[in-house]
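>>> Sharing a sequence plus its predicted fold:
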Amino acid sequence: MNNRFVADDVVEQSRQVLEVIKQEGVAIIPLDVAYAIVGNSKKSIQTIFKCKNRSFEKPSGMFSNYELLKEIQTIAPWKHDIIKAVIFDNDLPMSTVAPFKRDHPMFKTVDSWVLKNSTKMGTLDMLLNAGDFHNEMTKQSMELAMPVLGSSANTSLTGSKYNLDDVDPPVVEAADILIDGGTSKYQNEKGRSSTIIDFDTFETVRIGVCYNKIRKIFSKFGVDLREDKN
């Protein structure tokens with residue numbers, strides 16, 4: 001039976017969630033972009049893929065902030081100005097995909113199978129600025145040198161969930177701890193989560209929330225992201 005809590009103390013509950021993850025458990029937590037299911041160990045990541053019916057062709061993402069991104073991802077200096085414009089100047093969430101440093105201390109204790117299924121062709125997906133819970137968990141995960149890995153809390157290809165009660169039963173049942181943070185800030189009818197941009201090629205890996213705003217920011221730096229036709 002999983003433990004369910006209403007989000008009321010971001011710092012303490014982030015600590016509790018990270019303790020569960022540290023013990024090879026699985027957590028479902030509220031983010032601004034959608035509810036997420038996360039873990040860290042081979043056991044927990046296997047559980048996440050299984051309960052979501054997720055293809056191993058789709059790697060997990062990693063919680064991050066700008067400080068951690070600078071340490072781990074290899075991105076040209078001028079492109080950092082775009083990232084800062086998105087997450088700081090405009091306070092928007094975004095995921096960055098880029099080559100990364102496998103020898104960073106954050107990955108020292110990560111199982112090789114987990115790292116393989118959290119990366120693709122030498123790149124890593126890092127989620128930025130996805131709300132208070134995400135930001136606090138990232139901060140604490142850095143102090144523990146323990147990355148938080150996962151994806152949206154839904155059956156694969158069915159659209160993101162913005163309320164805990166809407167998460168599919170098999171996904172809920174797989175979690176050891178649930179945090180109910182109410183409705184996600186960027187709830188939308190299209191079932192979108194974070195926008196994912198490849199910072200090596202500027203390919204839009206996934207059109208997500210705030211995409212048109214993000215696209216306008218990129219255009220100011222001379223980068224033309226593909227149009228959202230949906």
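Good, I have the coordinates. Numbers count the residues shown, from 1 in each chain.

>>> Show me the helices in the protein, by range?
If DSSP state H is used as the criterion, the helices of the chain fall at 10-22, 42-52, 66-72, 77-84, 112-116, 132-144, 169-174, 211-219.

>>> Next, format those helices as JSON lines and append mean pLDDT, distance to residue 158 and mean neighbour count.
Quick note: C-beta positions are derived from backbone N, CA and C, even for glycine. Below are the helices of the chain laid out as JSON lines (pLDDT from 0 to 100; distance: least, C-beta to C-beta, whole Å; neighbours: other C-beta atoms under 10 Å):
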{"stretch": "helix 10-22", "mean pLDDT": "98", "distance to residue 158": "24", "mean neighbour count": "18"}
{"stretch": "helix 42-52", "mean pLDDT": "97", "distance to residue 158": "9", "mean neighbour count": "19"}
{"stretch": "helix 66-72", "mean pLDDT": "98", "distance to residue 158": "29", "mean neighbour count": "17"}
{"stretch": "helix 77-84", "mean pLDDT": "98", "distance to residue 158": "30", "mean neighbour count": "14"}
{"stretch": "helix 112-116", "mean pLDDT": "95", "distance to residue 158": "24", "mean neighbour count": "14"}
{"stretch": "helix 132-144", "mean pLDDT": "98", "distance to residue 158": "22", "mean neighbour count": "19"}
{"stretch": "helix 169-174", "mean pLDDT": "97", "distance to residue 158": "10", "mean neighbour count": "16"}
{"stretch": "helix 211-219", "mean pLDDT": "98", "distance to residue 158": "20", "mean neighbour count": "16"}
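
>>> wait, which of those helices is closest to residue 163?
helix 169-174 (11.8 Å; C-beta to C-beta).

>>> that older thread, any chance of the helices of the chain in CSV, with distance to residue 159 too?
Below are the helices of the chain laid out as CSV (distance: least, C-beta to C-beta, whole Å):
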stretch, distance to residue 159
helix 10-22, 24
helix 42-52, 12
helix 66-72, 27
helix 77-84, 27
helix 112-116, 26
helix 132-144, 20
helix 169-174, 13
helix 211-219, 15
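
>>> closest one to residue 199 among those?
Among these, the nearest to residue 199 by C-beta to C-beta is helix 77-84 (5.5 Å).

>>> Using PDB, write down the CA coordinates of the closest one.
Extracted in PDB, the C-alpha atoms of helix 77-84 (Å, rounded to 0.1, in the frame of the first residue of the first chain):
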ATOM      1  CA  PRO A  77      28.100  29.200 -24.300                       C
ATOM      2  CA  TRP A  78      25.900  31.400 -26.500                       C
ATOM      3  CA  LYS A  79      23.100  28.800 -26.200                       C
ATOM      4  CA  HIS A  80      23.100  29.300 -22.400                       C
ATOM      5  CA  ASP A  81      21.700  32.800 -23.000                       C
ATOM      6  CA  ILE A  82      18.600  31.200 -24.600                       C
ATOM      7  CA  ILE A  83      18.200  28.800 -21.600                       C
ATOM      8  CA  LYS A  84      18.400  31.600 -19.200                       C
END
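
>>> Which other helices and strands does that helix contact?
helix 66-72 (3 or more C-beta pairs under 8 Å, 6 or more residues apart in numbering; DSSP states H and E).

>>> of the helices of the chain, which approaches residue 100 most closely?
Shortest distance between residue 100 and the helices of the chain, using C-beta to C-beta, is found for helix 66-72: 5.1 Å.

>>> Distance of residue 207 relative to residue 2?
According to C-beta to C-beta, to the nearest Å, residue 207 and residue 2 sit 32 Å apart.
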